[in-house]
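S.K.: Generate a structure from the sequence data that follows.
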Amino acid sequence: MSLLRRWFDPIRSSWFYQKPTRQAVLPTDQGLSVYLRLDDVYSYLAAQQLPQLEEILSDEIKPLKVIISSQAAEPPNQMSAVEWQQYCLNDAKILSRQHRFSFHDTPEQPPQEALKQAETILKNTPLRGQDFLYLLEDVFHMLWQKQYGKLRTLYAMASRHHQAQNFPERIFNDEPILSGYFEFGERKYHSVDDLLRLTRRLKQQKLLTDNPIFMINHIEWREHLISDAEELNEIQGLDPELDLYIAMEDPISWLLLAYIREELAAYYNIHLNVYPLSYHGRDLFDWSLATRLSKRTEVKFTPFCRPTEAATLAMSQLYYSAPEEQRIDAMYRILEAVWTKGRDLSFKAHFQALQYELEISELSTEDIAEKLKENDMHCEMKSQPDFPVLELRIAGQSYVFNSLYRVWMIESIFSNVLEEKYKSENTAESEAREDEERKS
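M.R.: Numbering: from 1, shown residues only. Model prediction:
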């Protein structure tokens, strides 16, 4: 690592960390915009929130601008279009169950003919404001709930009785977008994951006329979904196991591992397994996002030096040199040293000092690079769009998800497992009673 990077990174990270979490005021001159695609399932979930959002927006940023694109951007993380599509459908189904969005039990991508009909309906309608947003929501329902008969009827009316309208708050273009998102003050907010962050920002700037009520089942950081002692014992008795695939040059890996280890692992008796990945160039991250997430998760994050490829190899060597039963603690302390104390493990003195602190007398003779490639291969097989990748196993089922934004799924899955368990027990008791009644 260069001397400039070694000494400047901690100074820069401290500066970012000490900045206010939010910029005091974002400009409102461009208003609030939402970017959607009719064939994007996240846009469908967003459309279900828009009428309510429009209702509580202040006049200063009304009307909500709707930009509908006909082109999809390239899938992330080298996923194929089919893999990305399937991931989105599965993820949206999970989100809809958690947050009570309307969603089909067996969702499918809408056919091209239906998409063209929907676009014509939306282009031709004279409705504006909240009335248009209700129509937009209905059209999305028709597309994603397979109500193609209703869509054809509405299309026939729109194409015969109306012509294309030209309203400044309604734009149709072919600028590629990956998934639905909001834009405010030149910042982008994912249509689902960042919706609460967006509404907090709008409320802070007094741009809402009423309290926003969205995603009411959202689980906040360090708040547990399961607190009942009996239910907690039930989960602990199921011995849940969680695999983490982490890129060590990514600060999110540190935030996620620290949060899970400090807040969830002991609480739910989760057995952790960590699989470090080879260098993926994720040291070029969003500094302000990382510091904001650090404050939200209450995980310390500064000062630090960003690990290079050589440093990640050194970190992996220390990890695999620790006794197997001590590796989770070792990885925690390695990442803590890097991301909170500014240790550069490609620097011999820092490496040896941490080796001594971890009480590692002999370094592993394994081919570390080959071991990381093996972990990469297993991670790629999970077909996830982002790191870190998590796989939770409990009650004979396996659940795969990714990133710090999906940590809430751990507790949500536990809650669903308990719900299914209680249903099965009640069904078994009812059947047993019926058998006894027949016999008597």
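
S.K.: all strands of this protein, in order?
M.R.: 32-37, 65-69, 170-173, 181-184, 187-190, 241-246, 271-276, 389-394, 397-402 (DSSP state E).

S.K.: The closest residue to Phe301 other than its chain neighbours and Arg201, how far apart?
M.R.: Nearest residue to Phe301 in three dimensions, chain neighbours excluded: Ser294, at 3.6 Å (C-beta to C-beta, 6 or more residues apart in numbering). Placement of C-beta: from N, CA and C, glycine included. Going from Ser294 to Arg201 by C-beta to C-beta, to the nearest Å gives 18 Å.

S.K.: Compare those two and say which is more crowded by neighbours.
M.R.: Set Ser294 next to Arg201 and count neighbours by other C-beta atoms under 10 Å: Ser294 wins out with 23 against 19.

S.K.: Isn't the more buried one up against Ser288?
M.R.: No - Ser294 is beyond contact range of Ser288, at 10.6 Å (criterion: C-beta atoms under 8 Å).

S.K.: Pull up the overlap in contacts between the two.
M.R.: Common contacts of Ser294 and Ser288, defined by C-beta atoms under 8 Å, 6 or more residues apart in numbering, are absent altogether.

S.K.: picking up where we left off before, mean pLDDT and distance to Arg282 for the strands of the chain - can I get that in TSV?
M.R.: Shown next, in TSV, are those (pLDDT from 0 to 100; distance: least, C-beta to C-beta, whole Å):
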stretch	mean pLDDT	distance to Arg282
strand 32-37	98	25
strand 65-69	98	28
strand 170-173	97	31
strand 181-184	98	21
strand 187-190	96	18
strand 241-246	98	10
strand 271-276	98	13
strand 389-394	98	13
strand 397-402	96	13
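
S.K.: Just put the ones you listed in CSV and tack on distance to Pro126 and mean neighbour count.
M.R.: Output for these, formatted as CSV (distance: least, C-beta to C-beta, whole Å; neighbours: other C-beta atoms under 10 Å):
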stretch, distance to Pro126, mean neighbour count
strand 32-37, 20, 22
strand 65-69, 15, 20
strand 170-173, 11, 15
strand 181-184, 25, 21
strand 187-190, 30, 16
strand 241-246, 51, 20
strand 271-276, 56, 18
strand 389-394, 47, 21
strand 397-402, 43, 17
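
S.K.: Show me how the record splits the protein into domains.
M.R.: 32-204, 229-408 (automatic domain parsing).

S.K.: These into a markdown table, with extra columns for distance to Glu419?
M.R.: Shown next, in a markdown table, are these (distance: least, C-beta to C-beta, whole Å):
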| stretch | distance to Glu419 |
| --- | --- |
| domain 32-204 | 11 |
| domain 229-408 | 10 |
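
S.K.: Could you give the bridge partners of the closest residue to Gln384 other than its chain neighbours?
M.R.: In this structure, Gln384 finds its nearest non-sequential neighbour in Asn402, 4.1 Å apart by C-beta to C-beta, 6+ apart. Judged by DSSP bridges, the bridge partners of Asn402 are Val389.

S.K.: what about the residue lying closest to Pro51 once chain neighbours are set aside, distance to Ala81?
M.R.: Take Pro51 and drop its neighbours on the chain: the residue closest to it by C-beta to C-beta, 6+ apart is Leu133, 4.5 Å away. Using C-beta to C-beta, Leu133 is found at 29 Å from Ala81.

S.K.: Compare these two and say which is more crowded by neighbours.
M.R.: Taking neighbours as other C-beta under 10 Å, Leu133 and Ala81 compare with Leu133 leading, 23 against 10.

S.K.: Hmm, Leu64 and that one touching each other?
M.R.: Yes - counting by C-beta under 8 Å, Leu133 touches Leu64, with 7.2 Å between them.

S.K.: Pull up the overlap in contacts between those two.
M.R.: Leu50, Glu54.

S.K.: ok so, going back, return the residues in contact with the residue nearest to Phe301.
M.R.: Shown in contact with Ser294 (C-beta under 8 Å, 6+ apart): Tyr17, Leu255, Lys300, Phe301, Thr302.

S.K.: Any chance of JSON lines for those, columns pLDDT and neighbour count?
M.R.: JSON lines is the format used below for these (pLDDT from 0 to 100; neighbours: other C-beta atoms under 10 Å):
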{"residue": "Tyr17", "pLDDT": "64", "neighbour count": "20"}
{"residue": "Leu255", "pLDDT": "97", "neighbour count": "24"}
{"residue": "Lys300", "pLDDT": "92", "neighbour count": "14"}
{"residue": "Phe301", "pLDDT": "90", "neighbour count": "20"}
{"residue": "Thr302", "pLDDT": "83", "neighbour count": "21"}
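
S.K.: and of these, the nearest to Tyr422?
M.R.: Nearest to Tyr422 out of these is Leu255 (C-beta to C-beta; 33.7 Å).

S.K.: how close does the closest one get to Lys300?
M.R.: Counting by C-beta to C-beta, the separation of Leu255 from Lys300 is 10 Å.
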